[in-house]
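In: following is a predicted model, sequence given first.
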Amino acid sequence: MREIAVFSGSAHQALATEICMYLSEPRRPVRITRFANDCLEVQLQSNCRERDVFLIQPLVPPVQENLVELLLMADAARGASAARVTAVMPHFAYARSDKKDEARISIGGRLVADLLVTAGVNRVLTLTLHSPQVHGFFSVPVDHLHALRELAAHFRGRDLSNCVVVSPDLGNAKSAAAFARRLGVPVAAGAKERHSDSRVSISAIIGDVAGRDVIVLDDEIARGTTVFELLDRLREQGTGSVSVACTHGLFADGALDKMAAFEDVTEIVCSNSVPVPAEHPKLHVLSVAPALAEAIRRIHNGESVSALFDH
């Protein structure tokens, strides 16, 4: 069997190191140089010839810098005669750009997928895409994982008899329903309309939430605009305590502190798919490194990845 070679860009080296620990494989060195004209150069400082190469790089801020690093790493691996190049992107930021909802705008998710394939990526491993159709933007195989198992394990050990899972919008309702089934609780969803990147409205909550403790489940939280709007609607419905859970905790513009300031929010739970910007007494960070490491092992050995997430 071909030897495995794991490299990481500078986006989230702590996660890459943890993944390598579970794989019992070294994280191979990468040299990233910035020239005087602000161009980047990447050198993979380990043999890639006929090896199964995995490049770990979530697309997190600064997204464009980290994207170019990943493209250059893929090109370097292909030029070094790698047998296969797999881009491990725990967070694919451009998944939000998945449709043409205004005149004369680009569908960035599809464009970036094409760039990655052109650079030499033969396979993609990612986690909780913003919308399922982004999977189809890639012309190479995609293993699309989720963190519902890790999130459910965090909540399962407590009394959930008066609990309901709430999705902020109908687009995430399918994932919320799957999460609720894992916990054995009912599910509800907000009727959301997005007006701009910084303004949303939720006109109603579909489902019974009055008097119940709530687990809000979203795929990612950046500014927290949607969650703040949902928290206002939940308070109007007379709900009890609120736990906020997501896969990608970006927490931009002080969103973590603002969310924790809500008295009814008892905890905020996210995975380490992206670097969490700050610690907070209400924040719990769950590791997805074991799941990603097992998926990498299965891809390398030619085993089923989907079977890993059968419930």
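Out: Nice, I can see it. Numbers count the residues shown, from 1 in each chain.

In: in the stretch 101-250 of the chain, which spans are strands?
Out: 123-127, 142-145, 163-167, 187-196, 199-206, 213-221, 242-249 (DSSP state E, counting those that start in this stretch).

In: for the helix or strand just after the last one, which positions count as buried?
Out: Helices and strands here follow DSSP states H and E; after strand 242-249, the next one along the chain is helix 255-260. For helix 255-260, the neighbour count (16 or more other Cβ atoms under 10 Å) marks 255-256, 259-260 as buried. Yep, even glycine has a C-beta here, placed from its N, CA and C like the rest.

In: want to try CSV for the strands of the stretch 101-250 of the chain, with mean pLDDT as columns?
Out: Putting those into CSV (pLDDT from 0 to 100) gives the following:
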stretch, mean pLDDT
strand 123-127, 97
strand 142-145, 95
strand 163-167, 96
strand 187-196, 84
strand 199-206, 86
strand 213-221, 96
strand 242-249, 97
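
In: turn those into CSV, including mean neighbour count and distance to Leu151.
Out: Below are the strands of the stretch 101-250 of the chain laid out as CSV (neighbours: other Cβ atoms under 10 Å; distance: least, Cβ to Cβ, whole Å):
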stretch, mean neighbour count, distance to Leu151
strand 123-127, 22, 12
strand 142-145, 20, 13
strand 163-167, 26, 10
strand 187-196, 16, 14
strand 199-206, 15, 21
strand 213-221, 24, 7
strand 242-249, 26, 5
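
In: quick one: which of the ones you listed is nearest Leu231?
Out: strand 242-249 (6.6 Å; Cβ to Cβ).

In: quick one: the closest one to strand 213-221, angle?
Out: 20 degrees (axes from the mean of the first three to the mean of the last three Cα atoms, to 10 degrees).

In: now the helices for the stretch 1-150 of the chain?
Out: Assigned by DSSP state H, counting those that start in this stretch, the stretch 1-150 of the chain shows helices spanning 13-23, 63-79, 108-119, 148-156.

In: kindly export the first one (C-alpha atoms) in PDB.
Out: What follows is the C-alpha trace of helix 13-23 in PDB, where atoms were taken according to Å, rounded to 0.1, in the frame of the first residue of the first chain:
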ATOM      1  CA  GLN A  13      -2.000  23.700  12.700                       C
ATOM      2  CA  ALA A  14      -3.300  22.700  16.200                       C
ATOM      3  CA  LEU A  15      -6.100  20.600  14.500                       C
ATOM      4  CA  ALA A  16      -3.600  19.200  12.000                       C
ATOM      5  CA  THR A  17      -1.300  18.100  14.800                       C
ATOM      6  CA  GLU A  18      -4.200  16.400  16.700                       C
ATOM      7  CA  ILE A  19      -5.300  14.600  13.500                       C
ATOM      8  CA  CYS A  20      -1.800  13.300  13.000                       C
ATOM      9  CA  MET A  21      -1.600  12.200  16.600                       C
ATOM     10  CA  TYR A  22      -4.700  10.000  16.100                       C
ATOM     11  CA  LEU A  23      -3.300   8.700  12.800                       C
END
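
In: state the mean pLDDT of it.
Out: For helix 13-23, the mean pLDDT works out to 98.

In: and the third one, by the same measure?
Out: Helix 108-119 shows an average pLDDT of 97 in the prediction.

In: check the shortest one too.
Out: When pLDDT is averaged over helix 148-156, the result is 95.

In: point out where the chain drops to low pLDDT.
Out: Residues of the chain meeting the criterion pLDDT under 70: 1, 195, 198, 310-311.

In: related to what we said a few turns ago, can I get the strands of the stretch 101-250 of the chain in JSON lines including distance to Cys39?
Out: JSON lines is the format used below for the strands of the stretch 101-250 of the chain (distance: least, Cβ to Cβ, whole Å):
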{"stretch": "strand 123-127", "distance to Cys39": "26"}
{"stretch": "strand 142-145", "distance to Cys39": "30"}
{"stretch": "strand 163-167", "distance to Cys39": "43"}
{"stretch": "strand 187-196", "distance to Cys39": "34"}
{"stretch": "strand 199-206", "distance to Cys39": "37"}
{"stretch": "strand 213-221", "distance to Cys39": "30"}
{"stretch": "strand 242-249", "distance to Cys39": "29"}
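
In: tell me which of those sits nearest to Leu70.
Out: Across the strands of the stretch 101-250 of the chain, closest to Leu70 is strand 123-127 (Cβ to Cβ), at 10.8 Å.

In: kindly export that closest one (C-alpha atoms) in CSV.
Out: This file holds the C-alpha atoms of strand 123-127, laid out as CSV (Å, rounded to 0.1, in the frame of the first residue of the first chain):
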residue,chain,number,x,y,z
ARG,A,123,-10.4,14.3,-3.6
VAL,A,124,-12.0,16.5,-0.9
LEU,A,125,-12.8,15.8,2.7
THR,A,126,-14.9,18.4,4.4
LEU,A,127,-17.2,18.9,7.3
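
In: what's in contact with that strand?
Out: 54, 84-92, 116, 138, 140-147, 247, 271, 273, 288, 292, 295-296, 299 (Cβ atoms under 8 Å, 6 or more residues apart in numbering).
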